[in-house]
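Asks: Just a sequence and a predicted model for now, questions to come.
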Amino acid sequence: MELKTMKTRTGTSSFTQLRSLKLAALALGSSLVLAGCAGNPPTEQYAVTQSAVNDAVSAGGTEFAAVEMKSAQDKLKQAEIAMHDKQYDQARLFAEQAEWDARVAERKAQAMKAEQSVKDAQQGVQELRQESQRTVQ
């Protein structure tokens, strides 16, 4: 009489099922966390953007970078509307874009002011040269 052993995979199949269950739980948990983040209003980003727009206005953005300032203000308004409609992902995107537009406007205004200062200094030097030549003659 010959003895045959039966191979069972109860140990490995339950391990595979447990592993699959853990992966499914991890995927579900991750999606809930991400969904939770998407559901929060971007109040911090909105505040940063408002500050950037105010800084750009203070730097002279409305005078020296009107196009960029208009874009920043329009996008900030769109972010505000999206937040009111509870479309937080869209609000965050508009707020980020508005922040960058405002920062560009601020830098452009600063550059234009610096350029104007250089021109004024050059004009002053030219006037001094002309004055010194008049006194020599």
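Replies: Happy to help now that I have it. Residues are numbered from 1 along each chain as shown.
Asks: where's Arg92, which helix or strand?
Replies: Using DSSP states H and E, Arg92 maps to helix 88-136.
Asks: now that helix: how far from the chain's centre is it?
Replies: Here helix 88-136 shows a centroid-to-chain-centroid distance of 24 Å under the convention C-alpha atoms, centre = their mean, to the nearest Å.
Asks: Next, name the residue at the spatial heart of the protein.
Replies: Residue closest to the mean C-alpha point of the chain, counted by C-alpha atoms, centre = their mean, is Glu96 at 3.3 Å.
Asks: Hmm, Ala52 and that residue touching each other?
Replies: No. The pair Glu96 and Ala52 fails to qualify as a contact (C-beta atoms under 8 Å) at a distance of 10.3 Å. To be clear about C-beta, it is placed using only N, CA and C from the backbone, and glycine gets the same treatment.
Asks: For the nearest residue to the residue nearest to the centre of the chain once chain neighbours are set aside, give me its contacts.
Replies: Nearest non-adjacent residue to Glu96, counting by C-beta to C-beta, 6 or more residues apart in numbering: Gln45, 6.4 Å away. Gln45 makes contact with 92, 95-96, 99, according to C-beta atoms under 8 Å, 6 or more residues apart in numbering.
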